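Student: got a predicted structure here, sequence first:
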Amino acid sequence: MTDLSLTPDRDAPFEAAQVLSARAPGFVPQMVIVLGSGLSGFAKHIENPISIDYVDLPGFPAPSVEGHIGKLHLGYVGGLPVACLAGRKHYYEGRGMGAMTPAIRALKLAGAKTLLVTNATGSLRHDVLPGRVVMITDHINLLPGTPLIGPNDDRFGPRFFSMANAYDQELNQRLIALAATLNINMASGVYLATPGPNFETAAEIRMMARMGADLVGMSSVPEVIVARHCGLRVAALSVVTNLAEGLTTEELSHEHTLKHASVGAVDLTRLVKAF
């Protein structure tokens, strides 16, 4: 049974889009960039920015996790108009699977065509170590459901839709070519999303590896599902912050995540700016 108290306001995306139009007249973002834990520093590379607090945008979530600021930055990167979400809401924060739905839909209404998701992740592979950038090629959803549970909003997409090309193959080929040009040793792999907030046990990590996962994290999949439902093309990049439980003797923590995210953010920033 759906908890209606956690169902996003169906009108909030339209109200938020009106706020965007009023605060940045004539600005049409082509790409939405979601910044993960410890990666908010990318926002300083946005030219002529207009920053709006999430609290001023109907339906946008107020993050409560360190490393997630809670601001929308509108501006230009390499001449391309972008909308940069500095902060996301996670399932474990208690607002359900649809917490990011109004934000993604509002930016679709504002004109966005593409979503670029970034996150900080744990690696299930000894050859993909902390600080490495990884292009996500597919995902496994172990979150409890999807953000589209409940009545479908036909204004954005159909009740049933394909996830066959969830991570756009053409965009991925562009990322691969750019990484080679920039001498970034980018890996690729499958991302597995868990509810959190606890890190996984060693036994769970062994299970995930057998399922075909290369990375594990606590975010991103809800945004990807919402984006594909409303027709946005999607690409996703992870920064590895640790080897997963059972693959290292290092104790995992959020502070550890933020520390190593800042290392990988250097290559991530170069790649995103070029992209």
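Tutor: Perfect, thanks for sending it.

Student: any idea how far residue 13 lies from residue 58?
Tutor: Distance of residue 13 to residue 58, computed by CB to CB, to the nearest Å: 8 Å. No exception for glycine: its C-beta is placed from N, CA and C like everyone else's.

Student: the more surrounded of these two?
Tutor: Neighbour totals were compared for residue 13 and residue 58, and residue 13 leads with 28 against 19 (other CB atoms under 10 Å).

Student: contact partners for the more buried one?
Tutor: With contact taken as CB atoms under 8 Å, 6 or more residues apart in numbering, residue 13 is in contact with 59, 101-103, 105-106, 108-109, 156.

Student: and what of residue 143?
Tutor: Each residue near residue 143 by CB under 8 Å, 6+ apart is listed here: 91, 97, 193-195, 221-222.

Student: which of those are buried?
Tutor: 91, 97, 193-194, 221-222 (16 or more other CB atoms under 10 Å).

Student: got the contacts of residue 143 as TSV, with pLDDT, secondary structure and distance to residue 113 columns?
Tutor: Converted to TSV, those look like this (pLDDT from 0 to 100; DSSP: H, G, I helix; E, B strand; the rest coil; distance: CB to CB, whole Å):
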residue	pLDDT	secondary structure	distance to residue 113
91	94	helix	27
97	95	coil	24
193	98	strand	24
194	97	coil	30
195	96	coil	30
221	98	helix	21
222	97	helix	20
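
Student: quick check: what element follows the one helix or strand residue 203 maps to along the chain?
Tutor: Here residue 203 sits within helix 202-211, counting by DSSP states H and E. Past helix 202-211, further along toward the C-terminus, the next helix or strand under DSSP H and E is strand 215-217.

Student: buried stuff in that next one?
Tutor: Buried-residue list, strand 215-217, by 16+ other CB under 10 Å: 215-217.

Student: that strand - contacts with which helices or strands?
Tutor: Identification of packing neighbours for strand 215-217 by 3 or more CB pairs under 8 Å, 6 or more residues apart in numbering; DSSP states H and E yields strand 114-123, strand 187-193, strand 233-243.

Student: one more pass at 10 Å, please.
Tutor: For strand 215-217, the contact count by 3 or more CB pairs under 10 Å, 6 or more residues apart in numbering; DSSP states H and E identifies strand 114-123, strand 133-141, strand 187-193, helix 202-211, strand 233-243 as packing neighbours.

Student: what strands flank that strand, and is each parallel or antiparallel?
Tutor: Strands adjacent to strand 215-217 in the sheet, as given by DSSP bridges, are strand 114-123 (antiparallel), strand 187-193 (parallel).
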